[in-house]
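A.B. asks: Need a 3D model of the following:
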Amino acid sequence: MSAPDRLGRRLLQLYAGLALYGASSALLVESGLGLEPWGVLHQGLAELTGLTIGVVSIFVGAVVLLLWIPLRQRPGLGTVSNVFVVGLAMDGTLALVPDAHALGARVPLLVAGIVLNGVATGLYIAASFGPGPRDGLMTGLHRITGRSIRLVRTAIEVAVVATGFALGGTVGIGTVLYAVAIGPLAQLFLRVFAVPAASDGSTVVAAGQPEEAILRP
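C.D. replies: Below you'll find the predicted structure:
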């Protein structure tokens with residue numbers, strides 16, 4: 001694959017992944033059966049402020065990105081794009097998808113949201129344009145504190161889930177299923193969407209363990 005073709009594919013994967021991530025988060029909201037950790041916080045803040053959940057996601061992403069400064073983290077194109085595209089895609093999807101009240105409709109929305117989230121994660125991370133704001137916060141704290149990625153990630157997510165739940169965010173079976181399924185799904189789709197290198201035909205995937213690279217918009 002030539003360098004221009006490779007760049008074009010990476011850009012396509014970046015923005016497709018971000019848009020699909022926003023859409024997948026919206027499906028989890030519509031299911032009403034539990035959100036991913038940061039989604040719980042976003043929904044809780046949306047309930048508190050009266051803003052849409054997508055707009056809240058943009059504001060939270062921007063605030064988290066500011067925290068990169070003392071952590072000496074450097075954002076990439078994907079980092080900045082993440083802040084805006086995911087939130088806009090989330091609100092757009094919520095405006096298009098009709099409300100689901102019956103459990104028979106909500107369960108498929110939940111499953112579709114989790115699987116689509118895994119697809120989006122593979123697309124976005126394999127594009128290699130930089131981590132999302134929340135991932136950068138996690139890796140920055142890991143570097144500064146010397147604590148393990150797993151411990152830092154767990155501490156952050158427990159804090160955001162607890163705060164979001166206290167504000168009215170939805171925690172449920174979907175939250176648990178997401179936590180269990182997203183690692184294997186991300187690992188699978190990182191390999192599916194790995195971008196061939198321009199020189200020797202090798203592939204490029206995100207560095208580190210997939211569970212450490214999970215997108216947290």
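A.B. asks: List the buried residues in stretch 96-109.
C.D. replies: Across stretch 96-109, burial judged by 16 or more other C-beta atoms under 10 Å covers 100, 106, 109. From N, CA and C alone the C-beta is placed, and that goes for glycine too.
A.B. asks: swap in stretch 23-33?
C.D. replies: 23-33.
A.B. asks: Residue 197 and residue 5 touch, don't they?
C.D. replies: No. Using C-beta atoms under 8 Å as the test, residue 197 is too far from residue 5 to be in contact (11.5 Å).
A.B. asks: who's in contact with residue 106?
C.D. replies: 30-33, 100 (C-beta atoms under 8 Å, 6 or more residues apart in numbering).
A.B. asks: Redo these as a markdown table? Include distance to residue 81, secondary structure and pLDDT.
C.D. replies: A markdown table is the format used below for the contacts of residue 106 (distance: C-beta to C-beta, whole Å; DSSP: H, G, I helix; E, B strand; the rest coil; pLDDT from 0 to 100):
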| residue | distance to residue 81 | secondary structure | pLDDT |
| --- | --- | --- | --- |
| 30 | 24 | helix | 96 |
| 31 | 26 | helix | 96 |
| 32 | 29 | coil | 96 |
| 33 | 29 | coil | 97 |
| 100 | 30 | coil | 86 |
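A.B. asks: closest to residue 153 among those residues?
C.D. replies: residue 33 (22.9 Å; C-beta to C-beta).
A.B. asks: Skipping its backbone neighbours, what lies nearest that closest one in space?
C.D. replies: residue 174 (4.0 Å; C-beta to C-beta, 6 or more residues apart in numbering).
A.B. asks: and the one you found, which of the three is it?
C.D. replies: helix (DSSP: H, G, I helix; E, B strand; the rest coil).
A.B. asks: who's in contact with it?
C.D. replies: 28, 31, 33-35, 110, 113-114.
A.B. asks: if you set the cut-off to 10 Å instead, what comes out?
C.D. replies: 27-29, 31-36, 39, 106-107, 109-111, 113-114 (C-beta atoms under 10 Å, 6 or more residues apart in numbering).
A.B. asks: before we move on, what about residue 193?
C.D. replies: Residue 193 sits in contact with 9, 13, 16-17, 119-127, 203, 205, where contact means C-beta under 10 Å, 6+ apart.
A.B. asks: returning to that earlier point: look up how far residue 30 lies from the residue nearest to residue 33.
C.D. replies: 11 Å (C-beta to C-beta, to the nearest Å).
A.B. asks: shared neighbours, those two?
C.D. replies: With C-beta under 10 Å, 6+ apart as the test, residue 174 and residue 30 both reach 106, 109-110, 113.
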